[in-house]
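Peer 1: Sequence plus predicted model, see below.
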Amino acid sequence: WGRERCYAAARVSQPRRNMSGAVWSNATEDVVHRWTCTFDFLVAEPAERCTDVHAVSRSFSEAVHTRTHHTCAPAGGDGFAFVIRDDTSDAPGGADVGAPGPGIGYQGLRHSVAVEFDTWHNALNDEPYERHVAVHTNGGEPNDAHHTARLGSTAEVPNFADGGIHRAVVSYTPAVGWEAVAAALESGAYKGATPRMSHFTQQNPGLLSVYVDDMETPLLTVPLSMETILRTNRSTAWVGFTSGTGEAWQIVDLVAWNFTTF
């Protein structure tokens, strides 16, 4: 038996510089028991990254000729994130977001966990050059999009920023035990692991898994006890999506999304 709550389509990211945006559930959801969030999304209309390419040639007369080519390629930024937050008892609005740009709209939110879909390489965040998916939390402290704040990450992802509609699922199963955690490690689903895991797992941890397009095999699985994220004696939180743009931009549309508890 489960309860499914469906939400309307929404634009999370506008094609403008240095913006952050968000869409949140209109009621808190039970996040310490088993749940699944399914969402269809598209990332499109990216900005362009342009570079000057210099070509040098030598003619038969030994004269040296230099030509400059101006080349551009699509490069949207910075990304979006599925976010669970328990930093407020009042319903957050679209303006209740964290830092824009590399902060992807969730950086700075306390008592939060974010599953980020990062499309832009930010060298100052020590993150992969390729687009990637990562799980970030600082527990009760302000969340951080720096790569050292991750619990796990992977750059082995489909091109989810190609302008087409993609489906993602984030699921949580509590109290699976360390044998299930070990099985996830052996399967290779727990990628980009960090020692920070020990701060956010209790004696009988759960598993958070992320799927994109392929609903059979998770892109990423991390051990997690949701109780370590929430405020004391809490079991519910707000769920939603955030985004951020910097000098590069793109649109991020949620075509449909739902949250199901079991």
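Peer 2: All right, it came through fine.

Peer 1: What's the end-to-end length of stretch 89-106?
Peer 2: Stretch 89-106 has an end-to-end distance of 17 Å (criterion: C-alpha to C-alpha, to the nearest Å).

Peer 1: Distance from the chain centre to that stretch, please.
Peer 2: Its chain's C-alpha centre and that of stretch 89-106 lie 13 Å apart, by C-alpha atoms, centre = their mean, to the nearest Å.

Peer 1: Run a quick neighbour tally on Gly147.
Peer 2: Check again: residue 147 is His, not Gly. As a burial measure, His147 scores 18 neighbours (other C-beta atoms under 10 Å). Heads up, the C-betas are built off the backbone N, CA and C, glycines and all.

Peer 1: Nearest residue to Gly240 in space, please, no chain neighbours.
Peer 2: Spatially, and ignoring its direct neighbours in sequence, Gly240 is nearest to Trp24 (3.6 Å; C-beta to C-beta, 6 or more residues apart in numbering).

Peer 1: before we move on, what about Asp30?
Peer 2: Using C-beta to C-beta, 6+ apart and skipping residues adjacent in sequence, the residue nearest Asp30 is Thr261, 4.8 Å away.

Peer 1: and the one you found, what is it in contact with?
Peer 2: Residues near Thr261 by C-beta atoms under 8 Å, 6 or more residues apart in numbering: Gly2, Arg3, Glu29, Asp30, His33, Arg34, Trp35.

Peer 1: Now, of those residues, which are buried?
Peer 2: Glu29, Arg34, Trp35 (16 or more other C-beta atoms under 10 Å).

Peer 1: Take those and write them to JSON lines, including pLDDT and distance to Pro102.
Peer 2: Compiled in JSON lines, these are given as follows (pLDDT from 0 to 100; distance: C-beta to C-beta, whole Å):
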{"residue": "Glu29", "pLDDT": "97", "distance to Pro102": "28"}
{"residue": "Arg34", "pLDDT": "98", "distance to Pro102": "32"}
{"residue": "Trp35", "pLDDT": "98", "distance to Pro102": "28"}
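
Peer 1: and which of those is nearest to Ser20?
Peer 2: Glu29 (22.3 Å; C-beta to C-beta).

Peer 1: From Thr221, how far off is the residue nearest to Trp178 when sequence neighbours are not counted?
Peer 2: Spatially, and ignoring its direct neighbours in sequence, Trp178 is nearest to Pro205 (7.2 Å; C-beta to C-beta, 6+ apart). According to C-beta to C-beta, to the nearest Å, Pro205 stands 12 Å off from Thr221.

Peer 1: for Phe200, same thing?
Peer 2: Distance, Phe200 to Thr221, by C-beta to C-beta: 14 Å.

Peer 1: Pick out whichever of these two has more residues nearby.
Peer 2: Neighbour totals were compared for Phe200 and Thr221, and Thr221 leads with 26 against 22 (other C-beta under 10 Å).
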